[in-house]
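Q: coordinates for the following, if possible.
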Amino acid sequence: MSSMRHNNSTSRNHKTNQQCLNFVAASMMSGSGKFLALIAAYVLSKVVHHLLKPLSQPYITSDILIGLILTSIPPVRESFVNQFTLTLENVVDFGMICYAFVLGLEMDPYVILKSPTRHAMVAYAGVLSTFIIACAVTPWLHYSSKHTNMVTFTINMSITLSGNGSHILTRLITNLKIGKSDIGKLGIGAAVHSDMITMFLLSLNFVFLPMENIKISREGIKEAIKIGSALVIQTIVAAKISPIFMNWVNNENPEGKPLKGSHLVLSMAFMAVICTYAPCYGYNSFLSAFMAGLFLPSEGRISKWTINKINYLLSTIFYPLFFFWVGLKVDIRSFKAGYMGTWERLFTLLLIATVGKVVGTVICGLLLGYHWPELLALGLLLTAKGHFHVYFAIHALRNGKTDVTTCISMVIVSFLTIVHTPFVVKHIIERARKRVPVHRMALQWLYPSSELRIMLCLHGPHNLPSTINLMEISRGTPEPGLVVHVTDMIELTDQIAATLVPGEGGNMTITDTSVTGMRDEITRAFQAYLDENGSGITLSRMLALSTFNSMAQDLNVFAEDLMVSLILLPFHKRLNADGTLDEGHPGFRYVNRKLLRNAPCSIGIMVDRGFGFTEKISRSSVSRVAIIFIGGKDDREALAYAGRVAWHPGVKLTVIRFLVDKNSENAPRRVNHRATMAEQEEEMRLDDECFAQFYERYVAGGKVAYMEKHLANSSETYTNLRSLEGQYSLIIVGRGGRVNTVLTVGLNDWQQCPELGPIGDVLSGSSFQSNTSVLIIQQHSIKGQLDGLSDDFSIM
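A: Residues are numbered from 1 along each chain as shown. Here you go, the predicted structure:
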């Protein structure tokens, strides 16, 4: 008997152990399956986005497609049991709270209190027209469930349809390079205003008409008062008290130093407390986070760090996870595609979102003086919805306010409003190409009413006198002014790289004292100049810290982003104490030559022989400057620059034109065998037109002195150039680009620096011992059609 009992006990233990092992194995397999499904959603989303890249589709497109398709596969869907889905749901809710917080933090609520700008008026018109149409149409199509309050659901749904995904639209417009055009600025501004006002209205509407429940009773009124009071207190703390704390943290953590861990923890805890105050009294957590972010200070190191980190986490991890969860909540297979009413409601939603935005945008835009084709395109862009609108649909389904088919219809409509936006932007660009065929970032093509944007580059403090003098003579007329981006060109050595520390947004901060000290010295010098003579000049500081191999590319990117018309570079040779030039720095010479080949705008190279050391140009002084005009596109560009110099009261400008003396016995018949006679005649016509305009505007009025020299060949050109030695403090010349090379042929044979061109090389050569500086200018070479949208393309 004892043996039998022992055997039974052993059998039961073995069975129990086997069940435990099976349970653990099943749990492990189930857990690994879920993990693999989430990894697959992330990887497939990236792959699909890469495949859709030729169509310029944003990330949200691939996220939605993969999320809905992957979760419709039965094994994947069945592996996610209720408990895990609930955990995933909590993660998504927290992620959307972070999304709402950073969305509000990037906006400025006080623009509502100011006089509305054009951006705001277009946004408000689109929101109002969409809201009115949605309120009038949606109640008749029964989007809500039977037990839902029709008024509450209609108002919330109409406000949501009136909004848009501003962060998606902003990134799309920026990536397709129309962000700096007026339609790009209008689109981004209107999208942000529209997003902010609709989210703000939803936040206020929740106090009185919450979607979760509505009580038209004394208790309901008390509840609304309690929630409203909590929201008001939270907003006051965020708007008035938090700046004191945030400013203290920012002052304790200046730029260039690592953030203190204790201050970072305190700041995050402070923000979290503000976000959670109103929800403690029954307010919606998502909207509370938005309102807290909206009224917290958006400037300062802590706020920027928060925005960068949360946006990074959202874009890299959260968004694919979010749409995977969306797919789990709405099984695409349960969509009732066989019912005509389903399609009626879907396309009605799409029409409301599209027609409402387009009608409001076009009517308001026409009243403001915009062209209707661009307004139509802008209205279509503003229909784009975002992550919040998908979340709203799921939120309505979770609370039983609508059914699965209607929820899926809302998600599909959000998807359709996003898919078309890249094609609209490309249509805008194509239209711009027809009206502005090429993008000429050159002085010759700059409108007189446009401000001149230049990038003024320096190797170090020794360039300060000449660059400040160059900036002074480049001022032109007081209106529209001059925008100068002072850029330090610093080689990234191993020693400097070792001192770099991570900063906000993935940027690196320099802690090398020699570099920071040099930059501070340059900043102080320019600030002192601005304090004394800064009228009409807008100045900013830039840094090109890279190896010589990549420095030219970095400067090209800066020039494109800043849309400058002229980059002014120092010559690679420095001035010695005896007035001669040293051997120069080969790294900076390599950068200059690479920029001359690939720059997105015109280039000027300054050979400094004391321009600024011997005399400081001001409105009360008199400095003698000359420009030599032989012909060609670079000379025409130099003449355009000289036109700005002519306006300076402290500069006495002389234009010297070298003409071919065809009657001379020494004149060669023809030199340039690569150019046809027709090309030479066309180039001469352009030279004559350009010079005639300059002569009529400046020489005839007495602003500029004029000198004309008839020369037979390059030998006489050289002799006349030598005769100019010591007469001027600065001589401006074109680098080359001449079709008729009679006056310069042969000068190339003895060139020391071909990047300066034949005339510039002679004037800057070692045979010239005077203190005459030389500015060599090359016009922007147009290499093809514009990638994005030309700044000249106006929608007014």
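
Q: count of residues packed around residue 137?
A: Close neighbours of residue 137, defined as other Cβ atoms under 10 Å, add up to 16. All C-beta atoms are positioned from the backbone trio N, CA, C, and that covers glycine.

Q: please enumerate the strands of the stretch 551-700 of the chain.
A: Assigned by DSSP state E, counting those that start in this stretch, the strands in the stretch 551-700 of the chain fall at 566-570, 602-607, 623-629, 651-660.

Q: try the chain
A: Under the criterion DSSP state E, the chain carries strands at the ranges 452-458, 482-491, 500-502, 508-510, 537-546, 566-570, 602-607, 623-629, 651-660, 705-711, 730-734, 773-778.

Q: low-confidence ranges in the stretch 601-750 of the chain?
A: 612-616, 618-620, 664-676, 739-740, 748-749 (pLDDT under 70).

Q: which residues of it fall in helices?
A: Using DSSP state H, counting those that start in this stretch, the helices of the stretch 601-750 of the chain run over 633-645, 677-694, 714-723.

Q: next, format those helices as a markdown table and append mean neighbour count and distance to residue 520.
A: Rendered in a markdown table, the data for those read as follows (neighbours: other Cβ atoms under 10 Å; distance: least, Cβ to Cβ, whole Å):
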| stretch | mean neighbour count | distance to residue 520 |
| --- | --- | --- |
| helix 633-645 | 25 | 30 |
| helix 677-694 | 14 | 41 |
| helix 714-723 | 16 | 41 |
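
Q: could you redo these as JSON lines and give each row distance to residue 135?
A: Converted to JSON lines, the helices of the stretch 601-750 of the chain look like this (distance: least, Cβ to Cβ, whole Å):
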{"stretch": "helix 633-645", "distance to residue 135": "56"}
{"stretch": "helix 677-694", "distance to residue 135": "59"}
{"stretch": "helix 714-723", "distance to residue 135": "78"}
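
Q: which of these sits closest to residue 781?
A: Evaluated with Cβ to Cβ, the helices of the stretch 601-750 of the chain place helix 633-645 nearest to residue 781, the distance being 8.6 Å.

Q: neighbouring contacts of that closest one?
A: For helix 633-645, contacts defined as Cβ atoms under 8 Å, 6 or more residues apart in numbering pick out 442-444, 446, 452, 473-476, 566, 602, 604, 625, 627-629, 651, 653, 655, 686-687, 690-691, 694, 697-698, 704, 732-738, 757, 775, 777-779.

Q: quick one: that helix to strand 482-491, angle?
A: With axes from the mean of the first three to the mean of the last three Cα atoms, to 10 degrees as the basis, helix 633-645 and strand 482-491 are set at 120 degrees to each other.

Q: and helix 633-645 with strand 602-607, angle?
A: Using the same axes, to 10 degrees: helix 633-645 against strand 602-607 is 80 degrees.

Q: quick revisit: need the strands of the stretch 551-700 of the chain in TSV with mean neighbour count, can you?
A: Output for those, formatted as TSV (neighbours: other Cβ atoms under 10 Å):
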stretch	mean neighbour count
strand 566-570	26
strand 602-607	26
strand 623-629	23
strand 651-660	20
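
Q: relative to residue 304, which of those strands is closest?
A: With Cβ to Cβ as the criterion, residue 304 lies closest to strand 566-570 of these, at 28.9 Å.

Q: partner strands of that closest one, parallel or antiparallel?
A: With DSSP bridges as the test, strand 566-570 is paired with strand 452-458 (parallel), strand 602-607 (parallel).

Q: want to throw those into a markdown table with distance to residue 65?
A: Shown next, in a markdown table, are the strands paired with strand 566-570 (distance: least, Cβ to Cβ, whole Å):
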| stretch | distance to residue 65 |
| --- | --- |
| strand 452-458 | 42 |
| strand 602-607 | 45 |
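
Q: out of those strands, which is closest to residue 248?
A: That would be strand 452-458 among the strands paired with strand 566-570, by Cβ to Cβ, at 35.9 Å.

Q: and the closest one with strand 537-546, angle?
A: 50 degrees.

Q: show the average pLDDT along strand 452-458.
A: Strand 452-458 shows a mean pLDDT of 91.

Q: and the contacts of it?
A: Taking Cβ under 8 Å, 6+ apart as the rule, strand 452-458 contacts 443, 446, 464, 467, 470-471, 474, 476, 481-489, 522, 542, 544, 555, 558-559, 562-570, 644.

Q: for PyMOL, what selects the buried ones among those residues?
A: In PyMOL syntax, the buried subset of the contacts of strand 452-458 is picked out as below (16 or more other Cβ atoms under 10 Å):
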select buried, resi 443+446+464+467+470+471+474+476+482+483+484+485+486+487+488+489+522+542+544+555+558+559+562+564+565+566+567+568+569+570+644
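
Q: report the central residue of the protein.
A: Per Cα atoms, centre = their mean, the C-alpha nearest to the average position across the chain is that of residue 174, at 5.4 Å.

Q: quick revisit: select, out of the strands paired with strand 566-570, the one closest to residue 550.
A: Of the strands paired with strand 566-570, the one closest to residue 550 (Cβ to Cβ) turns out to be strand 452-458, at 15.3 Å.

Q: what about the closest one, distance to the chain center?
A: Here strand 452-458 is found 19 Å from its chain centre; the criterion is Cα atoms, centre = their mean, to the nearest Å.

Q: try stretch 118-132
A: Relative to its chain's centre, stretch 118-132 lies at 25 Å (Cα atoms, centre = their mean).

Q: list the buried ones in stretch 701-713?
A: Neighbour-count burial for stretch 701-713 flags 703-704, 711-713 (criterion: 16+ other Cβ under 10 Å).

Q: pLDDT of stretch 107-114, averaged?
A: 82.

Q: which residues does that stretch contact?
A: Contacts for stretch 107-114 (Cβ under 8 Å, 6+ apart): 117, 120, 192-193, 195-197, 200, 293-295, 298.

Q: among these, which pair sits farthest apart?
A: The span of the contacts of stretch 107-114, defined through Cβ to Cβ, is set by 117 and 293 at 22.2 Å.

Q: more crowded one of the two?
A: Set residue 117 next to residue 293 and count neighbours by other Cβ under 10 Å: residue 293 wins out with 29 against 14.

Q: what is the neighbour count of residue 730?
A: For residue 730, the count of nearby residues is 27 (other Cβ under 10 Å).

Q: contacting residues for it?
A: Applying Cβ under 8 Å, 6+ apart to residue 730 gives the contacts 473, 611, 623, 625-626, 772-775.

Q: mind listing the residues bridging to it?
A: residue 625, residue 773.

Q: and it, how far from residue 610?
A: From residue 730 across to residue 610, the span is 10 Å (Cβ to Cβ, to the nearest Å).

Q: name the residues contacting each of the two.
A: Common contact partners of residue 730 and residue 610 (Cβ under 8 Å, 6+ apart): residue 773.

Q: identify each buried residue in stretch 113-121, please.
A: 118-121.

Q: of the residues you listed, closest to residue 309?
A: residue 119 (28.3 Å).

Q: average pLDDT for stretch 475-488?
A: For stretch 475-488, mean pLDDT rounds to 83.

Q: now the end-to-end length of that stretch.
A: End-to-end span of stretch 475-488 (Cα to Cα, to the nearest Å): 21 Å.

Q: so what touches that stretch?
A: So stretch 475-488 is in contact with 449-458, 467, 471, 474, 518-519, 522, 526, 535-545, 555, 558, 562, 564, 643-644, 647-648, going by Cβ under 8 Å, 6+ apart.

Q: ok, stretch 368-376 next?
A: 118, 121-122, 183, 358, 361-362, 365-366, 428, 431, 795-796.

Q: list just the one of the strands of the chain that sits closest to residue 104.
A: Nearest to residue 104 among the strands of the chain is strand 500-502; the distance by Cβ to Cβ comes to 26.3 Å.
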